[in-house]
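Student: model this:
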Amino acid sequence: MTFIAIDPPTGKTHDADWFHLNRKKIGLCPVCDSEMELRAESSITTAVHFWHGMGATCPSIKKNRKKYEDLPPSAIDKQAGEMLRAEVREHIYTIYQACSSIVDGLKYAEFRDLIIKAGEKGVWDYKGFELNYVPYVLVTFHDIFYAKGSKLRDEKYYIVLEPSIRCLDDLWNKPQTIKQAVWKVSPEKGVIEALPIKPELDPVPGWFKDASRKLPI
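Tutor: Numbering: from 1, shown residues only. Got it, this is the predicted structure:
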């Protein structure tokens, strides 16, 4: 089940309670765009939520989650891969900060494991891979980000990409057809938040940029 959806007429995202209060039965999944049905409106034991329907393949459903590190590339470019490795080495701390910003805090040991996994899978050589995508790809390789022990996470979650991706490099090689975002997904609550992929390597989270504009400097 999931608790947020897009209102088709407005394109705005609301929670299930909003749909219930406004007598709306259908919302669109923010990940796969499928219609979802509002459920449990009359229940006193189950929270009102959205249902994808039978046979849904959306990765926001726990059983449909993919291991993105195992997705193949459509092509390999060894020469570009060497150049990307050099960029990653040069900007490694900024990449770490960007990963940490995406997932609300990341331990160095966790980051190191993601870098190692990317190297083992040969991801740096995937054709067209660019520096700004690196943090978003790395965090999809982590099993789950736990709330316990974190000062910033209220829910445990993992990171997903849109369901139509067949090769990992579809994400950056097909920007016209593949959504340029990642989603935080809770095993219990479904989609929590959408995070647009920034066009540049930028470790500063959106909330900090918004808040800093209001500082009396």
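Student: Does residue 36 belong to a helix, a strand or coil?
Tutor: Assigned with DSSP: H, G, I helix; E, B strand; the rest coil, residue 36 falls in the strand class.
Student: An error on my part: the question was meant for residue 192.
Tutor: What three-state DSSP gives for residue 192 is strand.
Student: could you measure it against residue 99, distance?
Tutor: Look at residue 192 and residue 99: by C-beta to C-beta, to the nearest Å, they are 17 Å apart. The C-beta positions use only the backbone N, C-alpha and C, and glycine is treated the same way.
Student: Among these two, which residue is more densely surrounded?
Tutor: A count of neighbours by other C-beta atoms under 10 Å puts residue 99 above the other of residue 192 and residue 99, at 23 against 18.
Student: Which residue ranges make up the domains of this structure?
Tutor: The chain breaks down into these domains under automatic domain parsing: 4-55, 68-206.
Student: Distance to residue 215 and mean pLDDT added to these, as TSV?
Tutor: Putting the domains of the chain into TSV (distance: least, C-beta to C-beta, whole Å; pLDDT from 0 to 100) gives the following:
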stretch	distance to residue 215	mean pLDDT
domain 4-55	28	91
domain 68-206	14	95
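Student: what's the most buried one of those domains?
Tutor: The highest average neighbour count among the domains of the chain, using mean count of other C-beta atoms under 10 Å, belongs to domain 68-206 at a mean of 17.
Student: one step back: can you lay out the domains of the chain as a markdown table showing distance to residue 216?
Tutor: Compiled in a markdown table, the domains of the chain are given as follows (distance: least, C-beta to C-beta, whole Å):
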| stretch | distance to residue 216 |
| --- | --- |
| domain 4-55 | 32 |
| domain 68-206 | 20 |
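Student: Thank you, goodbye.
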